[in-house]
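Return a 3D structure for these sequence lines:
(2 chains)
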Amino acid sequence: MDVSAFTPIIRTTRFSSSTIPTSPYLSNFTRTRKLKPHRHSLAPISSLSDPFVLQIAESLEDSLPSSPNLQKLRDFASESLLSTPWPSRKDEPFRFTDTSFIKQSDIIPVSSPPSLESLNNLSVFEASHLLNLTIIDGYVIDSLSQLSGLPDGVFVGSLSSINSTEITARVLEFLPVSEQGDLFLSLNGVGSPDLVVVYVPEGCKIEGLLHLRYVSSEGSDKNSRKLPVSNPRVLVVVEKGGEIGILEEFMGGDGDLSYWTNSVMEVVIGEEAKVGHSYIQNQSLSSAHIKWTSIRQEKSSSYELVEVSTGGKLSRHNMHVQQVGPDTTTGLSTFHLSGNDQTQDLHSKIVLDHPRGFSRQLHKCIVAHSLGQAVFDGNIKVNRYAQQTDAGQLTRSLILEPRATVNVKPNLQIIADDVKCSHGAAICDLEEDQLFYLQARGIDLKTARKALIVSFGAEVIDRFPSKDLRQKVELHVRKLLDPQVHVENSMRSFNLKRNL
Amino acid sequence: MALLHRFSCCSSPSSPPVISLTKSTSKSILFPISHLPRHRRFPQRFPSFRLTATLAAESPAGSVSGGGGGQPKLLLEVKDLTAVIAESGQKILNGVNLSIYEGEIHAIMGKNGSGKSTFAKVLVGHKDYEVTGGSVVFKGENLLEMEPEDRSLAGLFLSFQSPVEIPGVSNSDFLQMAYNARRRKLGLPELDPLQFYGYIMPKLEMVNIKADFLNRNVNEGFSGGEKKRNEILQLAVLGAELAILDEIDSGLDVDALRDVSKAVNALMTPTNSVLMITHYRQLLEFIKPTYIHIMDEGKISKTGDISIANILEKEGYKAMSTS
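Here you go, the predicted model:
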């Protein structure tokens, strides 16, 4: 199935050749720029717009005070919302992903930072010695953050608290950086209360991980059909030769609450700079989690993503890597687990426009529930000038229950003629030979299956940059796959305490 | 009667026994306990058989002292075993007969495709094969009715010819999981990682492999030799009354072969046995068999001692099929 070298083959998908004017990807070209984004002026063009979308946009606008720095972003976003309808299954990017869970809910913007009282009730935190920044419902909470020890010139925090006009100006150059997006990216642009900035100056290498802890504290009962929405937004700018490792962790908050996290991270990686990105999504199983990660890679830069997503009723990660210079290195390793009645979706796109780019993508998913679903659409585009590109993509899915669903659509679009590209896709049950090997050593079938299921994800988990993180995520995945582990572990700690 | 039974495994019980017995007798004379050799003719009749068997295996002297008295027990008894490939229905075993007693070392040789490895896999319960007839009794129990994991827990171990790679499962987790399954079976408390570490270190030394081996994933990226060493490490950790070694000599250089053989010999006790499958005489120099069987077209066509291997080496399997 793997193809080690390609003579030029252009793989065109239905989506990329479509010319449906309502497609969000083309909306930038068809919209009329004259229309002012202000809500009072929306009425005349309502025939082009989706009333449901406008309603959300309006309520988001209403919920926020004005911010001069963010105005450009908000204008840009609300303008594109005018011509972007709510996605349906007829739109290729949402062909397999049903967003009706959000659409059928009453969407309420979270309009203020959490109260001190509710912060005290949060029990999600373990002690962290890492550099960390806590973002609750899109708002930076300084009292729960630990940023001392950052090197000079590095800034981590809210855009409004940058005290260097140079950094502010530099950061604003990149707003908005996303040329292409979708409805959710634009909604975030309109509804984000603040911009979290991570700025790494030239040549600065930050040791250890910067931990971004996202918490959704506003939530409603899962049967209430109410969906408080928050729009955290982070912009990372790493100047030439800089290095940083970022861990994004999306936590559940208390209980099995309903909420919608509509999060965006944009990363600008300068020449020869390096960014390691760890991403853990463990939100409530009654929540919607929509995430945009947009990467811009300059010459000789390197970007490595390791993702493990297990939470959310509807979880969608849009990953977009744009190469803006030659000799870049890109690694995407993702593991999705759909162990409940939930959808895990990864839509990734790597666009290579310059020579000698190197990219490796590994996507693995397990669907372990008969109502569970996993979706993967992995696009790699090797354009005319991207000669001597080496791009590899592999996706493997494990379906463990009858009626569980996996939809994968790996697609390579290659225009350059001197490239090395490979892709492979496999959907399978566990390997019989491996099971037998374990059984032949006296391990019963159930335990053997469990070990192999955990090991399936371990290939991705093992790529997290720290041992603590690997162990934490592995334990979490084990718990999800086997609720008994949880009991055993709590029993063990209980016994330990008793012995003490 | 016992003698008859023993040789019933030969499909053509003609001349070889006489030759082989004289040969083995002369060999046994090398050992200090000189009054024993004669008994080798009628092994299961005499309590002392077990001694000669272990001696022939060049096992450590310590095991000899432990073997005094008592009739050697029948460990494995295979009768008229037939099996087919589950998928295609192709016949692959056509009536195998074999009895293995405690303390014996048996070797099976034979052409490619004669059914040697299949026989080994059928014994451990591989699902690719379906047993269509005959019986297999291991330690008095019907082996064919047992699940693969229960066969292992009962004391049967197969060192695989091509061990499978298991990415994502570390060797130490795997070994600990398997060893604790065994301890559960024996009603012993399970070992935690630290205790297990203490248990496994001497075993690593025995097989001459480094401790970082444990951190690697099971067989992932292992060389041929490392895979075989890993199999023997598992044998050392788990222990087995009957160890089936399927071509442990393939892909090994001489040094590795010596290490592996040394470990196997060190694991031999008066109460456990080895069945090894090999193409080459060289292995038989390191691990000395009590009996050599020739397998041909899915059954054992000849049984004898090391002299069979000598004839094979000189004249090939042709000499076997015509005799």
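
could you pull out the helices for chain B?
Shown for chain B, the helices assigned by DSSP state H span residues B:2-7, B:16-28, B:49-56, B:61-65, B:116-124, B:148-153, B:171-185, B:193-207, B:224-238, B:254-267, B:281-286, B:306-315, B:317-322.

What parts of the stretch 151-300 of chain B come near chain A?
B:151-153, B:158, B:160, B:163-164, B:166-169, B:173-174, B:177-178, B:181-182, B:185, B:217-218, B:234, B:238 (C-beta under 8 Å from any C-beta of the partner chain). Where C-beta positions appear, they are placed from N, C-alpha and C, glycine not excepted.

Please repeat the previous calculation with a cut-off of 10 Å.
By C-beta under 10 Å from any C-beta of the partner chain, the part of the stretch 151-300 of chain B that sits against chain A consists of B:151-158, B:160, B:162-170, B:173-175, B:177-182, B:184-185, B:217-219, B:234-235, B:237-238.

quick one on the thing from earlier: and the helices of chain B, which is most packed in?
When the helices of chain B are scored by mean count of other C-beta atoms under 10 Å in any protein chain shown, the highest mean neighbour count falls to helix B:49-56 (a mean of 25).

Find the closest residue to chain B in chain A.
Residue nearest to chain B within chain A (C-beta to the nearest C-beta): residue A:455, separated by 2.8 Å.

Tell me the buried residues in the host helix or strand of that residue?
Using DSSP states H and E, residue A:455 sits in helix A:445-461. Buried residues in helix A:445-461, counting neighbours by 16 or more other C-beta atoms under 10 Å in any protein chain shown, are found at A:447-461.

cool, stretch A:166-186 as well?
Of all the residues in stretch A:166-186, those buried under the rule 16+ other C-beta under 10 Å are A:167-168, A:170-172, A:174-178, A:181-186.

for those residues, which one is nearest residue A:326?
Among the buried residues of stretch A:166-186, residue A:177 lies closest to residue A:326 (C-beta to C-beta), at 19.8 Å.

Could I get the contacting residues of the residue nearest to residue B:177 when sequence neighbours are not counted?
Nearest residue to residue B:177, sequence neighbours excluded (C-beta to C-beta, 6 or more residues apart in numbering or on different chains): residue A:443, at 5.6 Å. Neighbour list for residue A:443: A:435, A:437, A:449-451, B:148-149, B:152-153, B:174, B:177-178, B:180-182 [criterion: C-beta atoms under 10 Å, 6 or more residues apart in numbering or on different chains].

Can you tell me which of the buried residues of stretch A:166-186 end up in strands?
Judged by DSSP state E, strands contain none of the buried residues of stretch A:166-186.

which of those has the weakest pLDDT?
Comparing pLDDT over the buried residues of stretch A:166-186, the lowest score belongs to residue A:177 (51).

which bits of chain A sit near chain B?
So far as C-beta under 10 Å from any C-beta goes, chain A lies against chain B at A:431-445, A:447-448, A:450-462, A:474.

Any regions of the stretch 1-150 of chain B where pLDDT drops low?
Along the stretch 1-150 of chain B, the parts satisfying pLDDT under 70 run over B:1-70.

Show me where it has its strands.
Assigned by DSSP state E, counting those that start in this stretch, the stretch 1-150 of chain B shows strands spanning B:74-85, B:91-101, B:105-110, B:129-138, B:141-142.

Looks like residue A:403 contacts residue A:341 (just checking).
No. Using C-beta atoms under 10 Å, residue A:403 is not in contact with residue A:341, being 11.4 Å away.

coming back round to it: which two of the buried residues of stretch A:166-186 have the greatest separation?
With distances taken as C-beta to C-beta, the most widely separated pair in the buried residues of stretch A:166-186 is A:167 and A:183, at 31.0 Å.

Surely residue A:438 touches residue A:432?
No. Counting by C-beta under 10 Å, residue A:432 is not a contact partner of residue A:438; they are 11.1 Å apart.

Between those two, point out the one with more neighbours.
residue A:438 (27 against 12; other C-beta atoms under 10 Å in any protein chain shown).

The stretch 1-150 of chain B against chain A: which residues are in contact?
Residues of the stretch 1-150 of chain B lying close to chain A (C-beta under 10 Å from any C-beta) are B:121, B:124-128, B:147-150.

Which members of those residues are the farthest-apart pair?
Farthest pair in the residues of the stretch 1-150 of chain B next to chain A, by C-beta to C-beta: B:128 and B:150, 18.6 Å.

residue contacts, residue A:338?
Shown in contact with residue A:338 (C-beta under 10 Å, 6+ apart): A:309-310, A:312, A:315, A:344-345, A:365-369, A:371-375, A:397, A:399-401, A:404-406, A:480.

For it, name its beta-bridge partners.
Beta bridges link residue A:338 to residue A:367 when assigned by DSSP bridges.

gap between it and residue A:392?
For residue A:338, the distance to residue A:392 (C-beta to C-beta, to the nearest Å) stands at 25 Å.

Also residue A:376?
Separation of residue A:376 from residue A:392 (C-beta to C-beta) stands at 15 Å.

between the two, which one's more packed in?
The neighbour count for residue A:376 versus residue A:392, taken as other C-beta under 10 Å, is higher for residue A:376 (23 against 17).

dump the residue contacts of the closest residue to the more buried one other than its chain neighbours.
Spatial nearest neighbour of residue A:376, excluding adjacent residues (C-beta to C-beta, 6+ apart): residue A:408 at 4.4 Å. By C-beta under 10 Å, 6+ apart, the contact list for residue A:408 reads A:96, A:346, A:363, A:365, A:374-378, A:395-397, A:425-427.

One more: residue B:267?
Contacts of residue B:267 (C-beta under 10 Å, 6+ apart): B:59, B:203, B:206-207, B:232, B:235-236, B:239-240, B:243, B:274.

May I have the predicted confidence score for it?
So residue B:267 comes in at 89 (pLDDT).

my guess is residue A:389 meets residue A:351, correct?
No. The pair residue A:389 and residue A:351 does not pass the contact test of C-beta under 10 Å, sitting 11.0 Å apart.
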